[in-house]
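Peer 1: Everything below, folded, please.
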Amino acid sequence: MWVQALSLTDFRSYEQLDLEFAPGVTTFVGMNGQGKTNIVEAIAYLATLSSHRVSADAPLIKSGSSSAVVRARVREDERSVGVDVQILERGSNKARINQSPVTRARDVLGIVRAVVFAPEDLALVRGDPADRRRFLDEVGVQRHPRLSGVRADFDKVLRQRNALVKSAIGRPRSSIASTLSVWNEQLSKLGADIATARAQLIEDLRPFIRSAYESIAGGAEVDLRYRPSSPRVQHEVQTVDETLRERLELALDADLEDRADDEARRGITLVGPHRDEVDLTLNGLPVKGYASHGESWSMALALRLAAADVLRSDGVDPIVILDDVFAELDASRRTHLAELVGQATQVFITAAVAQDVPVELSGARFEVHAGQVSGA
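Peer 2: Residues are numbered from 1 along each chain as shown. Next up is the predicted model:
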């Protein structure tokens, strides 16, 4: 898979930008704040409909504009597909495939697959559980685009259920019992879909992350485990098979009932995939809190490399984006990372200075200065 052409309109700092690419390595060189990351951010946005830099879409729209457009032509084997997404300041985003409007923006998911390496990746290891959940869900959505709708529906149900539980603080539980039962049923079904996808992804990632870590940093006992907030779900995810989804729905439903009194006191939903964790260990110890800075970086890189390998194992070679990541790494990790990603069909790199990019990743180069992009 590779991007042939990219067009940005009122996206971040660009009023209008049109670029063409070829397979292989493309590097954008420029000092911080010049606009190089905005370009690769737009490519990655088409893969997940989210930014690796901000949690909301509003900052992606150029100041003074009410919308932004990201348009690309993507090549896979002999097939070329045009995709564009209009990001709106108000209302739902819109999208088209080959110039034809689609019902929902998320219908374009799956056309572009990409893995982004960025300085923010340390949060995958040292950050909050939400960072690790987001990592799993973004990879999962690229593998199974329908999960985007499941996540959106789950978030709506969770908000409604939280509002109901909060409104009942100090009142008899019976006053909300019938309505709560409806929300519990929906939360269990949607939560089981999300947890099943995460558990399966963890199983698929495990051999790849072990191999990637060894390639980057040498031999070590590396592992990752999915740790749901629900006690019964924690037990059920130990066995990932064709019955997992059904078992998880039953477990979630039962645990919601068990935690009803606690929720009534606190006014919040205490069970579900919105509270789950991913445990990362190195030689049997938690990476968070025990690993050195270098080990943490190696684990973060291994997670991204494993994600690329999982997507590749599905039959599509993902686009690899390295956003200012080499400046964060020592010479050894730079070299190992370059060797591991260099075989991808297409690699995009941003760097403050060209010398930061390993010679193994030579290729096309653009200079970016004050929002102007020129071929070097």
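Peer 1: my guess is Ser175 meets Ala168, correct?
Peer 2: Yes. Contact status for Ser175 versus Ala168: in contact at 6.2 Å, counting by C-beta atoms under 8 Å. C-betas here are computed from N, CA, C, even on glycine.
Peer 1: There's contact between Ile194 and Leu147 in this structure, I believe.
Peer 2: Yes. Ile194 lies in contact with Leu147 (C-beta under 8 Å); the separation is 7.2 Å.
Peer 1: Not counting its neighbours along the chain, what's nearest Ala118?
Peer 2: Leaving aside its chain neighbours, Ala118 sits nearest to Asp323 (4.2 Å; criterion: C-beta to C-beta, 6 or more residues apart in numbering).
Peer 1: And for the one you found, the neighbour number?
Peer 2: Neighbour count of Asp323, defined by other C-beta atoms under 10 Å: 24.
Peer 1: Could you tell me which residues make contact with it?
Peer 2: Thr37, Val40, Glu41, His52, Val116, Phe117, Ala118, Pro119, Thr350 (C-beta atoms under 8 Å, 6 or more residues apart in numbering).
Peer 1: before we move on, the earlier item: residues shared between the contacts of Ile194 and Leu147?
Peer 2: Among the neighbours of Ile194, those also in contact with Leu147 (C-beta under 8 Å, 6+ apart) are Asp137.
Peer 1: Which strand or helix spans Leu205?
Peer 2: Using DSSP states H and E, Leu205 sits within helix 177-217.
Peer 1: Figure out how far stretch 214-229 is from the centre of its chain.
Peer 2: For stretch 214-229, the gap between its own C-alpha mean and the chain's C-alpha mean amounts to 19 Å (C-alpha atoms, centre = their mean, to the nearest Å).
Peer 1: Other residues contacting that stretch?
Peer 2: For stretch 214-229, contacts defined as C-beta under 8 Å, 6+ apart pick out 195, 198-199, 202, 205-206, 209-210, 213, 234, 237, 270-273, 275-284, 294-295, 298-299, 301-303, 305, 333, 336-337, 339-340.
Peer 1: Repeat the analysis, applying 7 Å as the threshold.
Peer 2: 195, 198-199, 202, 205-206, 209-210, 213, 234, 237, 271-272, 275-284, 295, 298, 301-302, 333, 336-337, 340 (C-beta atoms under 7 Å, 6 or more residues apart in numbering).
Peer 1: Repeat that for stretch 268-287.
Peer 2: Contact with stretch 268-287 is made by 125, 129, 132-133, 136, 158, 161-162, 165-166, 187, 191, 194-195, 220-230, 252, 255-256, 259, 262-263, 288, 291, 295-296, 299, as judged by C-beta under 7 Å, 6+ apart.
Peer 1: Report the contact partners of the residue lying closest to Phe28 once chain neighbours are set aside.
Peer 2: Leaving aside its chain neighbours, Phe28 sits nearest to Lys36 (4.0 Å; criterion: C-beta to C-beta, 6+ apart). Contacts for Lys36 (C-beta under 7 Å, 6+ apart) come out as Phe28, Gly30, Thr350, Val368.
Peer 1: ok, and the helix or strand in the protein with the lowest average confidence?
Peer 2: Here the helix or strand of the chain ranked lowest by mean pLDDT, DSSP states H and E is helix 231-236, holding a mean of 84.
Peer 1: Can you mark which positions in that one are buried?
Peer 2: By 16 or more other C-beta atoms under 10 Å, the buried positions in helix 231-236 come out as Arg232, Val233, Gln234, Glu236.
Peer 1: Kindly report the same for stretch 243-252.
Peer 2: Neighbour counts over stretch 243-252 (16+ other C-beta under 10 Å) mark Leu244, Arg245, Arg247, Leu248, Glu249, Ala251, Leu252 as buried.
Peer 1: same deal with stretch 142-160?
Peer 2: Residues Gln142, Arg143, His144, Pro145, Leu147, Ser148, Gly149, Val150, Arg151, Phe154, Val157, Leu158 are the ones in stretch 142-160 that count as buried (16+ other C-beta under 10 Å).
Peer 1: ok so, going back, quick one: buried ones out of the contacts of stretch 268-287?
Peer 2: Applying 16+ other C-beta under 10 Å to these flags 125, 129, 132-133, 136, 158, 161-162, 165, 187, 191, 194-195, 222, 224, 226, 228-230, 252, 255-256, 259, 263, 288, 291, 295-296, 299 as buried.
Peer 1: Tell me which of the residues you listed fall in helices.
Peer 2: In helices, judged by DSSP state H, the following of the buried ones among the contacts of stretch 268-287 are found: 125, 129, 132-133, 136, 158, 161-162, 165, 187, 191, 194-195, 252, 255-256, 263, 288, 295-296, 299.
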